[in-house]
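Engineer: My questions are about this predicted structure, shown below with the sequence.
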Amino acid sequence: MEQRVNIKFCFKLGRTATETHEMLVKVDAVSKRCVFEWFKRFRDGREHVKDEPRSGRPPTSTTPDNIERVRRMLADDRRLSLRMIAEELKISLDSVSNIIHEHLQKRRKKFYVFRHYSYPATCASSDAERRVC
């Protein structure tokens with residue numbers, strides 16, 4: 001993005017694509033082809049430097065409705081596993097994981113349990129009796 005802004009700046013100053021590339025290659029690893037492509041876009045009237053929207057399949061599982069459904073399920077029972085939620089909502093495990101971690105910002109809490117065993121003051125000396133203690 002920063003390189004595109006620099007290319008646009010040089011274009012607006014009236015520099016050539018070759019001059020721009022020579023200046024930018026000293027600082028950034030921008031290819032000559034990239035500079036020439038962006039010069040063509042600016043010459044054709046393009047003003048912004050952001051990427052154009054891409055075609056492709058829109059996300060179907062990570063919808064506001066599914067996010068809310070996952071949130072409600074977790075509010076009702078925090079012990080639900082990803083697999084249980086995925087099966088209930090009929091969406092993939094990856095989608096459930098994405099919703100929980102990215103959209104709901106939930107993380108698994110780790111609990112450590114330390115057991116304390118108390119032994120009688122006197123224990124027997126043989127192995128069989130030691131197991132009982």
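Structural biologist: On my side now, so go ahead. Numbering: from 1, shown residues only.

Engineer: Let me see the contact set for R4.
Structural biologist: Going by CB atoms under 8 Å, 6 or more residues apart in numbering, R4 touches 38, 49. To be clear about C-beta, it is placed using only N, CA and C from the backbone, and glycine gets the same treatment.

Engineer: mind checking how far it is from L24?
Structural biologist: Relative to L24, R4 is positioned 11 Å away (criterion: CB to CB, to the nearest Å).

Engineer: Which strand or helix spans the nearest residue to L80 once chain neighbours are set aside?
Structural biologist: Distances taken as CB to CB, 6 or more residues apart in numbering place M73 nearest to L80, at 6.0 Å, with adjacent residues excluded. Per DSSP states H and E, M73 falls inside helix 64-76.

Engineer: From the contact counts, what lies against that helix?
Structural biologist: Applying 3 or more CB pairs under 8 Å, 6 or more residues apart in numbering; DSSP states H and E, we find helix 64-76 packed against helix 82-89.

Engineer: Would you mind listing the outside residues contacting the helix it packs on?
Structural biologist: Applying CB under 8 Å, 6+ apart, the contact partners of helix 82-89 are 66, 69-70, 73-74, 92-93, 95-97, 100.

Engineer: Alright, I will stop here.
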